[in-house]
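Undergrad: Provide a 3D model corresponding to the input given below.
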Amino acid sequence: MNAKETEVGDSIVLFENKNIRRKWLNDEWYFSVVDVVGVLTESEKPRDYWYRLKVREEEIGIQLSTNCRQLKLPSDDGKLYLTDCANREGLFRIIQSIPSKKAEPFKRWLAKIGHERIQEMSDPSLAIDRAREYWRKHGRSESWIQQRMMGQETRNKLTDHWKNSDIKEGKEFAVLTNIIHEEWSGFTVNQHKKLKDLTTQNLRDHMTEAELILTALAELSTREIAEKDNAIGMAKNKKAAKEGGSVAKKARIALEERTGKKVVSQDNFLTKKHMLELEVVNETEVKKIK
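TA: Model (predicted):
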């Protein structure tokens, strides 16, 4: 990555309930070409389709790869791999080579995504409002949404501390996060995701309210301990992370002893959504029988 490149982070966006991975880079979104190809063609092997498309277009003198750059995106196994990605302009060119009835709706959707990002940069509160609306549409309760937003604010304050304490974004952030999480929950982040049967999904988006609250407590405690001890560098911040996680661990154990119920849960909103859909279908069938 050269000095002019800046990253905000990875994320997933939905088009017709299909995941499209993307990365914010140099003040614009770059989207996974394979994911877009899969959405437009409904191919079971979009990676093969993308390869054949590049070969076919190259035969007539068109280099589709020039519209792409390789960026690291998460795969189904949770690891990061170099992936062909394109910005909006590059995708428009690639879409021209794909016969699909979804091409025009996708172009309109792509333009809307870009416009929303520009709005959010000038007014960050819009991003918060859209996040709330997204979670409501996916069945989250108002209390869950409130805990999720409060937890994100706590997380942001912690990462701000890390940035000012000689902690490098990326790997070192992940190491400290994992120490906190394993200390309070007894599970690493990846183990927790596996317990919930998640792959590329954001773990926090599938936490229960109790898990969110204890995660926030662990991260708030970590920051306050680190600030009190003037923790600079990895060694001191690792110590603060373990101590902060331990504060939430004690709360978790006390709650579990009082309720007789484990806090760390297999529940995820993918399963809950599916069960709700089944309930609606079953209710409809019962009414038909009556």
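Undergrad: which residue ranges form the strands in the stretch 1-150 of the chain?
TA: 7-15, 18-25, 28-32, 69-74, 80-86 (DSSP state E, counting those that start in this stretch).
Undergrad: With respect to burial, which of these scores highest?
TA: Burial of the strands of the stretch 1-150 of the chain is given as mean neighbour count (mean count of other C-beta atoms under 10 Å); strand 28-32 ranks first at a mean of 21. From N, CA and C alone the C-beta is placed, and that goes for glycine too.
Undergrad: what is the orientation angle of it with strand 18-25?
TA: Calculated by axes from the mean of the first three to the mean of the last three C-alpha atoms, to 10 degrees, strand 28-32 forms an angle of 140 degrees with strand 18-25.
Undergrad: Give me the sheet partners of strand 28-32 and which way each runs.
TA: Strand 28-32 sits in its sheet next to strand 18-25 (antiparallel), strand 80-86 (antiparallel), going by DSSP bridges.
Undergrad: Save the ones you listed as TSV, and put in mean pLDDT and distance to Ala248 too.
TA: Below are the strands paired with strand 28-32 laid out as TSV (pLDDT from 0 to 100; distance: least, C-beta to C-beta, whole Å):
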stretch	mean pLDDT	distance to Ala248
strand 18-25	86	31
strand 80-86	90	28
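Undergrad: and those strands as JSON lines, adding distance to Leu158?
TA: Shown next, in JSON lines, are the strands paired with strand 28-32 (distance: least, C-beta to C-beta, whole Å):
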{"stretch": "strand 18-25", "distance to Leu158": "21"}
{"stretch": "strand 80-86", "distance to Leu158": "22"}
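Undergrad: where are the low-confidence patches of this protein?
TA: 1-10, 77-78, 114-131, 134, 271-290 (pLDDT under 70).
Undergrad: helices and strands around the longest helix seen in it, which ones?
TA: When the chain is parsed with DSSP state H, its longest helix is helix 233-259. Contacting helix 233-259 under the criterion 3 or more C-beta pairs under 8 Å, 6 or more residues apart in numbering; DSSP states H and E are the following elements: helix 171-185, helix 209-228.
Undergrad: Show me which residues of it are buried.
TA: For helix 233-259, burial by neighbour count (16 or more other C-beta atoms under 10 Å) applies to 234, 236-249, 251-252.
Undergrad: from the chain's centre, how far out does that helix sit?
TA: Distance of helix 233-259 from its chain centroid, counting by C-alpha atoms, centre = their mean, to the nearest Å, is 24 Å.
Undergrad: Kindly report the same for stretch 29-41.
TA: Distance, centroid of stretch 29-41 to centroid of chain: 17 Å (C-alpha atoms, centre = their mean).
Undergrad: before we move on, what about stretch 23-43?
TA: 15 Å.
Undergrad: Can I get that stretch as PDB, trimmed to CA atoms?
TA: Provided in PDB are the C-alpha atoms of stretch 23-43 (Å, rounded to 0.1, in the frame of the first residue of the first chain):
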ATOM      1  CA  LYS A  23     -13.500  -2.000   1.200                       C
ATOM      2  CA  TRP A  24     -13.300   1.800   1.600                       C
ATOM      3  CA  LEU A  25     -10.100   2.900   0.000                       C
ATOM      4  CA  ASN A  26      -8.900   6.300  -1.300                       C
ATOM      5  CA  ASP A  27     -12.300   7.900  -0.600                       C
ATOM      6  CA  GLU A  28     -14.400   5.400  -2.500                       C
ATOM      7  CA  TRP A  29     -15.800   1.900  -2.200                       C
ATOM      8  CA  TYR A  30     -14.200  -1.100  -3.900                       C
ATOM      9  CA  PHE A  31     -16.400  -4.100  -4.400                       C
ATOM     10  CA  SER A  32     -15.600  -7.800  -4.800                       C
ATOM     11  CA  VAL A  33     -16.000  -8.500  -8.500                       C
ATOM     12  CA  VAL A  34     -16.600 -12.200  -7.800                       C
ATOM     13  CA  ASP A  35     -19.500 -11.300  -5.500                       C
ATOM     14  CA  VAL A  36     -21.000  -8.900  -8.100                       C
ATOM     15  CA  VAL A  37     -20.600 -11.600 -10.800                       C
ATOM     16  CA  GLY A  38     -22.400 -14.100  -8.600                       C
ATOM     17  CA  VAL A  39     -25.300 -11.700  -8.000                       C
ATOM     18  CA  LEU A  40     -25.700 -10.800 -11.600                       C
ATOM     19  CA  THR A  41     -25.300 -14.200 -13.200                       C
ATOM     20  CA  GLU A  42     -26.700 -16.400 -10.300                       C
ATOM     21  CA  SER A  43     -23.800 -18.800 -11.200                       C
END
